[in-house]
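Novice: mind folding the following:
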Amino acid sequence: MNNCIFCKIAAGDIPAHIIYEDDVVISFVDLSQATTGHVLIIPKTHVQDIFDLSDELAGEVFKRVPRIARAIEKAFPTIIGLNVVNNNREGAGQSVFHSHIHLIPRYEDDDFEIKFIDHSETADHAQIAEKIKEALAL
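Specialist: Now for the predicted structure:
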C-alpha cells in the first residue's frame, strides 16, 4: 500500500528502530512509548486489521510475540508485567490502518491504564455465547 507508514517501514523506505525482522514480520520501537520498551510487531504484508488477517498469517505473526516479549523482559528486568494490545478499527483506537500488535511493558509506577468495567450483573452471558457460537458455525 503506497501511503501506509508501516508498509514504508517494512520496505525500508523510512527509518525505524528495528528490534526484530524476518520474512513475515518486522518489530520496532513505538514512537509513542506508552512505557519504556513499548514495541510494535507488524506483518510485512499489508493487512488492515485482525478482521482481514488470514488464519495462517495471524498464526505466523502471533507466534513471534512470546520471543519478543521475553527479549523486552530481559532488556528491562524491572518490568512487573506486559500488555499485549491489538486495536482494530477506529472505534477501538486503531490509528494506523496496518495490523499491528503493541507490546507494552508495565512498571511499578507507570501511568498507562487499560480499564475494564464489570457488566457481569447486566450481561446475558448465555445469549452472548450463543450468538458467537452461531456466527462461528457459518
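Novice: mind checking the SS state of residue 36?
Specialist: What DSSP: H, G, I helix; E, B strand; the rest coil gives for residue 36 is coil.
Novice: I should have written residue 83 there, sorry.
Specialist: Three-state call for residue 83 (three-state DSSP): strand.
Novice: beta partners of it?
Specialist: Beta-bridge partners for residue 83, by DSSP bridges, are residue 104.
Novice: would you confirm that it contacts residue 101?
Specialist: No: with contacts counted by CB atoms under 8 Å, residue 83 stays clear of residue 101, the gap being 10.5 Å. C-betas here are computed from N, CA, C, even on glycine.
Novice: for residue 13, see how far away residue 2 is.
Specialist: When distance is defined by CB to CB, to the nearest Å, residue 2 is 10 Å away from residue 13.
Novice: between residue 83 and residue 101, tell me which one has more neighbours.
Specialist: Comparing residue 83 with residue 101 by other CB atoms under 10 Å, the one with more neighbours is residue 101, at 21 against 15.
Novice: look up how far residue 134 lies from the nearest residue to that one once chain neighbours are set aside.
Specialist: In this structure, residue 101 finds its nearest non-sequential neighbour in residue 41, 4.6 Å apart by CB to CB, 6 or more residues apart in numbering. Per CB to CB, residue 41 is found 32 Å from residue 134.
Novice: name the residue in the two with the higher neighbour count.
Specialist: More crowded of residue 41 and residue 134, by other CB under 10 Å: residue 41, with 24 against 9.
Novice: how about the nearest residue to residue 110, chain neighbours excluded?
Specialist: Here the residue nearest residue 110, using CB to CB, 6+ apart, is residue 35, at 4.8 Å.
Novice: OK, contacts around that neighbour?
Specialist: By CB atoms under 8 Å, 6 or more residues apart in numbering, residue 35 lies in contact with 104-107, 110, 112.
Novice: among those residues, which ones are buried?
Specialist: Buried residues within the contacts of residue 35, defined by neighbour count using 16 or more other CB atoms under 10 Å: 104-105.
Novice: chain center to the worst-scoring helix or strand of the chain on mean pLDDT: distance?
Specialist: For the chain, counting by mean pLDDT, DSSP states H and E, helix 125-137 ranks last in confidence among helices and strands (a mean of 90). Here the centre of mass of C-alpha atoms in helix 125-137, compared against the chain's by CA atoms, centre = their mean, to the nearest Å, lies 25 Å away.
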